[in-house]
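>>> Here's my sequence, what's the structure:
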Amino acid sequence: MMQGQVAIEKLTKTYVVKQRKGLFKAEKKNVEALKGVSLEIRPGEVFGLLGPNGAGKTTLIKCLTTLLLPTSGRVWINGYELTKQDNAIRATVGCMLMGERGLYWKLTGRENLVFFGALYHLSPTERKKRADAIIAKLDLVEIADRSVETYSSGQKMKLAFAKALINDAPLLILDEPTNTLDVPSARELRAVVRELNTEGKTVIYTTHIMSEAETLCDHVAIVDRGEVLALGTVSELKTSLQRDAVIRIEGVISSKAAQAVQSLPGVSRAAITAVNGHTQLTVVAEGHQTLLPQLIQTLTAHNAVMQKITPEEVTLEDVFIARTGRTLADDTRVK
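Next up is the predicted model:
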């Protein structure tokens with residue numbers, strides 16, 4: 001057994017889905033959402049699960065919170081083993097899943113928190129005290145006594161985050177918590193996460209926003225297509241590309257031009273994405289000073305229009321591009 005507040009050994013999850021073949025026929029297909037994931041999360045750290053939509057992050061979170069039964073592998077959370085001591089796990093974990101479906105829209109925000117406090121067997125006095133404290137901490141006082149159906153999407157997300165705090169669990173699992181939040185609200189939520197971590201709580205934080213992970217997480221795992229591709233601190237993952245340079249080119253660039261750049265000697269990865277109405281080509285390569293003339297010549301030969309060329313410092317997204325050849329904007333969900 002691995003040591004740690006959360007220990008995951010060779011966890012797999014396979015779905016059986018039906019694919020339609022013609023009007024009346026369908027065939028079954030196995031989809032591997034998790035492929036032998038092994039991780040260890042230490043007490044008192046913020047651990048980031050990073051990857052695009054379809055990477056397997058939410059499937060992993062649902063397994064850890066006992067909402068999904070894994071196909072194989074073993075997991076220990078707060079000293080309890082998954083599938084054998086699930087009630088104890090649920091009592092010691094605070095969870096915010098992506099989306100707002102876990103709230104009761106006809107109840108007020110305060111009534112939601114008190115109700116979920118009762119589910120955790122808090123006394124009436126304790127659940128009211130906890131609800132009041134969380135409402136104050138998250139600045140929900142003005143909307144706390146309105147029915148949730150009147151909330152904006154961002155307000156519902158903040159209440160879903162509040163719900164994860166009601167049982168004062170030592171482990172918080174937050175799945176894309178800033179999704180749908182505006183920039184100031186997202187900044188406030190991240191500040192609360194840091195404060196909770198400072199108070200001693202361990203946090204598992206999933207996101208597809210690499211800059212968020214860089215500023216918040218102690219250790220990160222880059223996940224793609226159900227596998228852990230890279231694991232370590234932010235600085236360790238950036239250092240793994242220390243010998244490489246990153247060049248970003250904005251303009252009008254075709255996929256054929258990007259493929260031609262990918263074939264250049266010294267280029268390890270080249271990926272395109274849409275940015276501000278233009279195409280951005282991110283190139284990970286050795287020695288950009290000697291490569292740049294070839295890069296420009298190749299793009300020009302493929303009718304690319306270059307508006308901006310910027311050598312930049314390595315980011316976590318660059319690590320992802322280097323490992324996968326794709327950007328985080330790509331959706332890898334099985335259609």
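>>> which residues of the stretch 1-150 of the chain fall in strands?
For the stretch 1-150 of the chain, the strands defined by DSSP state E, counting those that start in this stretch occupy 6-21, 25-41, 46-50, 72-77, 80-81, 93-96.
>>> How about the stretch 151-300 of the chain?
171-175, 202-207, 219-224, 227-233, 244-252, 267-275, 278-286.
>>> With distance to G54, mean pLDDT and mean neighbour count added, can I get these in CSV?
C-betas here are computed from N, CA, C, even on glycine. Formatted as CSV, the strands of the stretch 151-300 of the chain follow (distance: least, CB to CB, whole Å; pLDDT from 0 to 100; neighbours: other CB atoms under 10 Å):
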stretch, distance to G54, mean pLDDT, mean neighbour count
strand 171-175, 14, 95, 23
strand 202-207, 13, 94, 25
strand 219-224, 9, 92, 24
strand 227-233, 12, 91, 16
strand 244-252, 24, 84, 19
strand 267-275, 16, 85, 18
strand 278-286, 20, 85, 21
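>>> So for K106, which of those strands sits nearest?
Closest to K106 of the strands of the stretch 151-300 of the chain, according to CB to CB: strand 171-175, at 24.4 Å.
>>> Report the angle between the closest one and strand 46-50.
30 degrees (axes from the mean of the first three to the mean of the last three CA atoms, to 10 degrees).
>>> that older thread, any chance of the strands of the stretch 1-150 of the chain in CSV, plus mean pLDDT?
Output for the strands of the stretch 1-150 of the chain, formatted as CSV (pLDDT from 0 to 100):
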stretch, mean pLDDT
strand 6-21, 88
strand 25-41, 88
strand 46-50, 94
strand 72-77, 96
strand 80-81, 96
strand 93-96, 94
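>>> now A160, nearest residue through space, not along the chain?
Nearest residue to A160 in three dimensions, chain neighbours excluded: M96, at 5.3 Å (CB to CB, 6 or more residues apart in numbering).
>>> what about that neighbour, neighbour count?
M96 is flanked by 24 other residues according to other CB atoms under 10 Å.
>>> How about the one 5 residues further on?
Using other CB under 10 Å, the number of residues around R101 comes to 9.
>>> which of the strands of the stretch 1-150 of the chain sits most buried?
Among the strands of the stretch 1-150 of the chain, strand 46-50 has the highest mean neighbour count (mean count of other CB atoms under 10 Å), at a mean of 26.
>>> So which other helices or strands are in contact with that one?
Judged by 3 or more CB pairs under 8 Å, 6 or more residues apart in numbering; DSSP states H and E, the packing partners of strand 46-50 are helix 57-64, helix 183-198, strand 202-207, helix 210-216, strand 219-224.
>>> Q280: which of those is closest?
Here helix 210-216 is closest among those (CB to CB), at 14.5 Å.
>>> contacts for the closest one?
46, 48, 50, 178, 190, 193-194, 205, 207, 220, 234, 315-317, 320, 328 (CB atoms under 8 Å, 6 or more residues apart in numbering).
>>> Output it as PDB - backbone C-alpha positions only.
The C-alpha trace of helix 210-216 is given here as PDB (Å, rounded to 0.1, in the frame of the first residue of the first chain):
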ATOM      1  CA  MET A 210      -2.800  25.700 -16.700                       C
ATOM      2  CA  SER A 211      -2.200  29.200 -15.400                       C
ATOM      3  CA  GLU A 212      -4.600  28.400 -12.500                       C
ATOM      4  CA  ALA A 213      -2.600  25.300 -11.600                       C
ATOM      5  CA  GLU A 214       0.700  27.100 -11.900                       C
ATOM      6  CA  THR A 215      -0.300  29.700  -9.200                       C
ATOM      7  CA  LEU A 216      -2.200  27.300  -6.900                       C
END
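>>> what's the offset of it from the middle of its chain?
Centroid separation for helix 210-216 versus its chain: 10 Å, with CA atoms, centre = their mean, to the nearest Å.
>>> Any buried residues in that helix, and which?
For helix 210-216, a neighbour-count test (16 or more other CB atoms under 10 Å) marks M210, E212, A213, E214, L216 as buried.
>>> cool, and stretch 316-325?
Buried, per 16+ other CB under 10 Å, within stretch 316-325: L316, E317, D318, V319, F320, I321, A322, R323, T324.
>>> Please, which helix or strand holds the third one?
Using DSSP states H and E, D318 sits within helix 316-324.
>>> Where do the domain boundaries of the chain fall?
The record assigns the chain these domain ranges, following automatic domain parsing: 6-237, 244-313.
>>> ok, back up a step: ok, the buried residues of stretch 316-325 vs A257, which is closest?
Once CB to CB is applied, the member of the buried residues of stretch 316-325 that ends up nearest A257 is I321, at 16.7 Å.
>>> need the contact list for the closest one.
R269, A271, T282, V284, T327.
>>> Please apply the same query to A144.
T108, G109, R110, I135.
>>> Enumerate every residue touching the nearest residue to A162 once chain neighbours are set aside.
Distances taken as CB to CB, 6+ apart put I134 closest to A162, at 4.8 Å, once the chain neighbours are dropped. By CB under 8 Å, 6+ apart, the contact set of I134 is L113, L140, A162, L165, I166.
>>> Appreciated, that's everything.
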